[in-house]
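J.: Just a sequence and a predicted model for now, questions to come.
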Amino acid sequence: MDDFYRTISQPTREEIKVKSSRFIAETKMVENSNEAVSAWQQIRKREHAATHHCYAYRIGLEAEPEFKYSDDGEPNGTAGKPIYDCIVGRKLTNVLVGVTRYYGGTKLGTGGLVRAYSDAAIKALEISGIRTVYLTNQLSIEIEFKYYDQLQKLIEKYKAKQDSSEFKEKVQLTLSVRKSKSDQLKNEIINLTHGQAKFE
């Protein structure tokens, strides 16, 4: 079960120069295609004087990622796809990588363009770093107070996060736990409380 993904730790902006052309690579964390398009439009607007605005984004889990890339007028396959390959090669998702080019007067050829766009993307991704994001389920639980201490041990065991707690006649808790572990934790709570725990 996929309950995590890898994405960048922080957005960044890095520049390289190749034969007088400037290649400015930017990374952004995005949650959906609308965010990716909006982020890239902002970059295009800011770098409106640039010759080419090439990009790639990838969104969603490994099984069914959503992606798009663009050469923006560069020869087919020399910009967008190499940028996208840099994202895939690091197994990243929920990320936009854009590379803006200011033409410097010297043609680089198809091989040179592929290397330049790849190198710019790689440099930005290396600076951005990688973090793992875990997908969670939320459990709302009501238990007798006498089970509270033992429940805390289960929370620690499953590395769950206690989002809220309320102590009345009974204890009401809201927990966040990795999706792949939520059923196991729920079953252990049921066993701990001899079936008396209530879940919402």
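T.: Great, that's in hand. Values in this document were obtained by computation on a predicted structure and should not be read as measured data.
J.: need the next SSE after whatever helix or strand His53 lives in, C-terminal direction.
T.: Per DSSP states H and E: His53 is located in strand 52-59. Sequence order places strand 66-70 as the next helix or strand after strand 52-59, per DSSP H and E.
J.: Show me what counts as buried in the helix or strand just after that following strand.
T.: Using DSSP H and E, the helix or strand that follows strand 66-70 in sequence is helix 80-89. Neighbour counts using 16 or more other CB atoms under 10 Å place 80-87 of helix 80-89 among the buried residues. Glycine gets a C-beta too; all of them are placed from N, C-alpha and C.
J.: how about the residues you listed in TSV, adding pLDDT?
T.: Output for the buried residues of helix 80-89, formatted as TSV (pLDDT from 0 to 100):
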residue	pLDDT
Gly80	96
Lys81	97
Pro82	97
Ile83	98
Tyr84	98
Asp85	97
Cys86	97
Ile87	97
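J.: next SSE after the longest helix seen in the chain?
T.: For the chain, the longest helix by residue count, based on DSSP state H, is helix 109-128. Proceeding N to C from helix 109-128, the next assigned helix or strand is strand 130-134, under DSSP H and E.
J.: any idea which residue of this structure is furthest from its center?
T.: Most distant from the centre of the chain: Glu169, at 41.6 Å, with distances by CA atoms, centre = their mean.
J.: Remind me which helix or strand that residue belongs to.
T.: For Glu169, there is no helix or strand it lies in under DSSP H and E.
J.: Need the per-residue pLDDT for it.
T.: With respect to pLDDT, Glu169 scores 89.
J.: Who are the contact partners of Asp119?
T.: Listed by CB atoms under 8 Å, 6 or more residues apart in numbering, the contact set of Asp119 reads 16, 18, 23.
J.: how close does it get to Thr78?
T.: Remark: distance between Asp119 and Thr78 (CB to CB, to the nearest Å) = 13 Å.
J.: Please list all residues in contact with Gln150.
T.: Shown in contact with Gln150 (CB under 8 Å, 6+ apart): Leu192.
J.: From the chain's centroid, how far away is the helix or strand hosting it?
T.: Using DSSP H and E, Gln150 falls within helix 148-157. Centroid displacement of helix 148-157 relative to its chain, using CA atoms, centre = their mean, to the nearest Å, is 30 Å.
J.: Give me the distance from whatever helix or strand comes next after that helix to the chain's centre.
T.: For helix 148-157, the following helix or strand on the C-terminal side (DSSP H and E) is strand 161-167. Put simply, strand 161-167 sits 27 Å off its chain's centre (CA atoms, centre = their mean).
J.: I'm done for today, thanks for sticking with me.
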